[in-house]
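Peer 1: here is a sequence together with a model predicted from it:
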Amino acid sequence: MAVELEPLTPENVRAVCDLRVAPGQEHLVAPNAVSIAEAYVYPQAWCRAVRSDGRLVGFVMLWDSPEELGHMLWRLMVDASAQGRGIGRQVVGQVAAYVRAQGVRELRVSVVDGEGGPEPFYRSLGFARTGEMADDEPVLALGL
């Protein structure tokens, strides 16, 4: 299953906003419309729509700056209809490759702590806790 990251455009932005996580996951990631609004006011935001086999299935946003937070995976969301197919893994791999190509040695992410949270997913990709907190969420890092 091919996964592609594409810029947000007038043609795809509404469809990105219509994507939804599975029931019970709403507390784990902000709605895409909120993320896009934040990206509008933070020039460090690097956003991409996620397509799999030609179908829009997700959204990813990176804090793309060597200063402040460094390179942090800010948002990752896969639509409920596409979860469990390895799409998130491929997206993180592509984001890591993008960051690595800039000469960056670490990709970070903060996670909602607790049952049902994404920490096991990120750990399975090689991320490890740093001991830092960001907005009351533990930070994990992946060496590149």
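Peer 2: That came through, no problem. Residues are numbered from 1 along each chain as shown.
Peer 1: please make it C-alpha for all contacts and neighbour counts, starting now.
Peer 2: OK.
Peer 1: and the contacts of the helix or strand hosting C47?
Peer 2: Assessed by DSSP states H and E, C47 sits inside strand 45-52. Strand 45-52 is contacted from outside by 1-8, 12, 16, 36, 39, 56-64, 87, 91, using CA atoms under 8 Å, 6 or more residues apart in numbering.
Peer 1: after it, next one along is what?
Peer 2: Note on strand 45-52: by DSSP H and E, the next helix or strand toward the C-terminus is strand 55-63.
Peer 1: list the strands paired with that following strand, with their directions.
Peer 2: Sheet pairing of strand 55-63 (DSSP bridges) gives strand 45-52 (antiparallel), strand 72-78 (antiparallel).
Peer 1: flag every buried residue along the helix ranked longest in the chain.
Peer 2: Assignment by DSSP state H gives helix 87-101 as the longest helix of the chain. Neighbour counts over helix 87-101 (16 or more other CA atoms under 10 Å) mark I87, G88, R89, Q90, V91, V92, V95, A96, V99 as buried.
Peer 1: just to revisit the earlier point, filter the contacts of strand 45-52 down to the buried ones.
Peer 2: Buried among the contacts of strand 45-52 (16+ other CA under 10 Å): 3-5, 8, 16, 36, 39, 56-64, 87, 91.
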